[in-house]
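>>> sequence-free structure coming up:
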DNA sequence: TTCTGATAAGGTATTTATACTTACAAATAT
DNA sequence: ATATTTGTAAGTATAAATACCTTATCAGAA
């Protein structure tokens, strides 16, 4: 049984590499290269004149419009097209950056053709393809985006308690009762926290506290 | 040649499950169960009286000290111990939550024994183990800081927009301007949402919206 | 048609929240 | 021993939020 080929496009400014890749993949009976482009802007033009590809192989460093921008544009304008980043860089920054921009996978240019085709097939079917290269980096990325510790903004015990009670439907008067303090004292805490968090309302305070992970819901 | 067994511990409050797992894994010639604990606090105690395990299998929901807290504690106090989350939940939230807390992998309790042992071996050698279950969620997590649009409480488009703008330092008047509506109309939205969420203040509304995951931060 | 529900908006009264100023005792620092 | 800071609390004034009530469209249903 004849399997439908996966339609792809290649965006890379290294002409020789790009054309070689076109040649190489064209020989495969699993993918079909619809077109190739020199950079993001070129790609946008050519998308109008060609059928939409399922997958786009995307380089990162390109003139005029680079891989990050191009990927973001695709996510906004053609969210169904899957982007597979294809680069020589194996550092955290470009990998995480491309994934954040919307790429569903990341392959190295030094990969074997078979692995690249596997990745293309994977991303076409699942809209993402996670390999060894990126899995660890992904994990480290979310683990490192971690708690801006409560020490960063010095809060007294009472201020913290007040802050927690603030994240609720209670009025300040009720909070004052709960903490066995005068509403005026609560008012002092409020003003101090407004200054420390640079906000002008209780809602802003609550949002900031949550963003800084000083309190949990 | 005899291969060194991987020393592990199991933390889970479901006694039968835990003991069964101990039995099951003890029969393996690849892992060695040093001890098991009922919850995080119990684990901390037992860590003092036993050799340090290389890997700890960690449940999430436990009394006294849950999996998130326990994992964080381990990362702070024994950063060399690898935590493999082991839970029945396959939702995004617990998975991302455990990984953020410091777990190096996540396995479902409904996994096969062989897969669990593979994961234990993987995490012992690489300090992380990413499977199909988590890879997609990890990717979506860093790409998608968007709210998971939930239809659970019927909100109109404008109400939802208002709700989002509510999670801020803006006054209602400013929000009215942004939405090109009269402050009175905004007031209608507010009242409608107060009823739907059963709250009496903007802060309560914001908290409820966040808890219901109608809004992201 | 008439009725109804959803949406937008005006009026007004009361309660909370916000802002700024002062005070005073206890703890700390100099 | 005398300032200085810190935590507590009061007074007052204004702005914002909350609560209720009413009106006007408009679209679709009875």
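Received it, and whenever you're ready, just let me know what you need. Just so we're clear, the structure is a prediction, and the values are computed from it rather than from any experiment.
>>> Show me where chain A has its strands.
Per DSSP state E, chain A carries strands over the ranges A:6-11, A:31-37, A:55-58, A:82-87, A:105-108.
>>> Not counting its neighbours along the chain, what's nearest residue A:14?
Closest residue in space to residue A:14, ignoring its immediate chain neighbours: residue A:59 at 7.3 Å, by Cβ to Cβ, 6 or more residues apart in numbering or on different chains. For the C-beta atoms, the positions are set from N, CA and C on the backbone; glycine is no exception.
>>> Test my guess that that neighbour contacts residue A:9.
No - look at residue A:59 against residue A:9 with Cβ atoms under 8 Å: they stay out of range, at 11.9 Å.
>>> so how many other residues sit close to residue A:31?
Residues lying near residue A:31 (other Cβ atoms under 10 Å in any protein chain shown) number 23.
>>> Next, the buried residues of the lowest-mean-pLDDT helix or strand in chain A.
Least confident helix or strand, chain A: helix A:132-144 with a mean of 74, by mean pLDDT, DSSP states H and E. Of the residues in helix A:132-144, those buried under the neighbour-count criterion (16 or more other Cβ atoms under 10 Å in any protein chain shown) are A:134-139, A:141, A:143.
>>> what do you get for stretch A:169-189?
A:169-170, A:172, A:175-176, A:181, A:186, A:189.
>>> Dump those residues into CSV; add pLDDT as well.
Output for those, formatted as CSV (pLDDT from 0 to 100):
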residue, pLDDT
A:169, 91
A:170, 91
A:172, 92
A:175, 89
A:176, 90
A:181, 88
A:186, 91
A:189, 90
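>>> Pick the one among those closest to DNA strand D.
Minimum distance to DNA strand D across those is 3.7 Å, recorded for residue A:181 (Cβ to the nearest atom of the strand).
>>> if I look at residue A:45, how far off is residue A:38?
Remark: distance between residue A:45 and residue A:38 (Cβ to Cβ, to the nearest Å) = 10 Å.
>>> More neighbours: which of the two?
For residue A:45 against residue A:38, the residue with the higher neighbour count under other Cβ under 10 Å is residue A:38, and the figures read 19 against 11.
>>> Report the contact partners of the more buried one.
Contact analysis of residue A:38 by Cβ atoms under 8 Å, 6 or more residues apart in numbering or on different chains lists A:11-13, A:15, A:18, A:62.
>>> OK, contacts around the residue nearest to residue A:205 when sequence neighbours are not counted?
Counting by Cβ to Cβ, 6+ apart, residue A:205 lies nearest to residue A:199, which is 5.0 Å off, once chain neighbours are set aside. The contact partners of residue A:199, by Cβ under 8 Å, 6+ apart, come to A:205, A:207-208, B:169.
>>> Just the ones of those in helices?
With helices defined by DSSP state H, the entries of those inside them are A:205, A:207-208.
>>> Could you tell me which residues of chain A lie near DNA strand D?
Counting by Cβ under 7 Å from any atom of the strand, chain A comes close to DNA strand D at A:156, A:158, A:181-185, A:187-188, A:201.
>>> Closest to residue A:130 out of those?
Here the nearest of those to residue A:130, counting by Cβ to Cβ, is residue A:201; it sits at 41.7 Å.
>>> so that closest one sits right up against residue B:172, yeah?
No - with contacts counted by Cβ under 8 Å, residue A:201 stays clear of residue B:172, the gap being 10.3 Å.
>>> For chain A, give me the ranges with low pLDDT.
Of all residues in chain A, those with pLDDT under 70 make up the ranges A:1-3, A:142-154.
>>> go again using 80 as the cut-off
A:1-4, A:16, A:136-157, A:212-214, A:216-217 (pLDDT under 80).
>>> okay, which residue is most central for it?
The centre of chain A sits closest to residue A:100, judged by Cα atoms, centre = their mean, with a distance of 2.1 Å.
>>> What residue in chain A is the furthest from its centre?
Outermost residue of chain A with respect to the C-alpha centroid, by Cα atoms, centre = their mean, is residue A:182; its distance is 46.4 Å.
>>> who's in contact with that one?
By Cβ under 8 Å, 6+ apart, the residues touching residue A:182 are residue A:176.
>>> What count of nearby residues applies to the residue nearest to residue A:12 when sequence neighbours are not counted?
Closest residue to residue A:12 in three dimensions, ignoring its sequence neighbours and counting by Cβ to Cβ, 6+ apart: residue A:59, at 3.9 Å. The number of residues packed around residue A:59, counting by other Cβ under 10 Å, is 25.
>>> who touches residue A:59 in this structure?
Contacts were defined as Cβ under 8 Å, 6+ apart; by that measure residue A:59 touches A:11-14, A:67, A:85-87.
>>> of those, closest to DNA strand C?
Using Cβ to the nearest atom of the strand, residue A:67 is the member of the contacts of residue A:59 that sits closest to DNA strand C, with 40.6 Å.
>>> tally of neighbours for the residue nearest to that closest one when sequence neighbours are not counted?
By the measure of Cβ to Cβ, 6+ apart, the closest residue to residue A:67 outside its immediate chain neighbours is residue A:60, 3.9 Å from it. Counted with other Cβ under 10 Å, residues neighbouring residue A:60 total 22.
>>> got the contact list for residue A:60?
For residue A:60, counting by Cβ under 8 Å, 6+ apart, the contacting residues are A:66-68, A:85, A:87, A:89, A:94, A:97-98.
>>> Quick check: it vs DNA strand C, distance?
Summarising the geometry, the distance separating residue A:60 from DNA strand C, computed by Cβ to the nearest atom of the strand, to the nearest Å, is 44 Å.
>>> Fine by me, we can end here.
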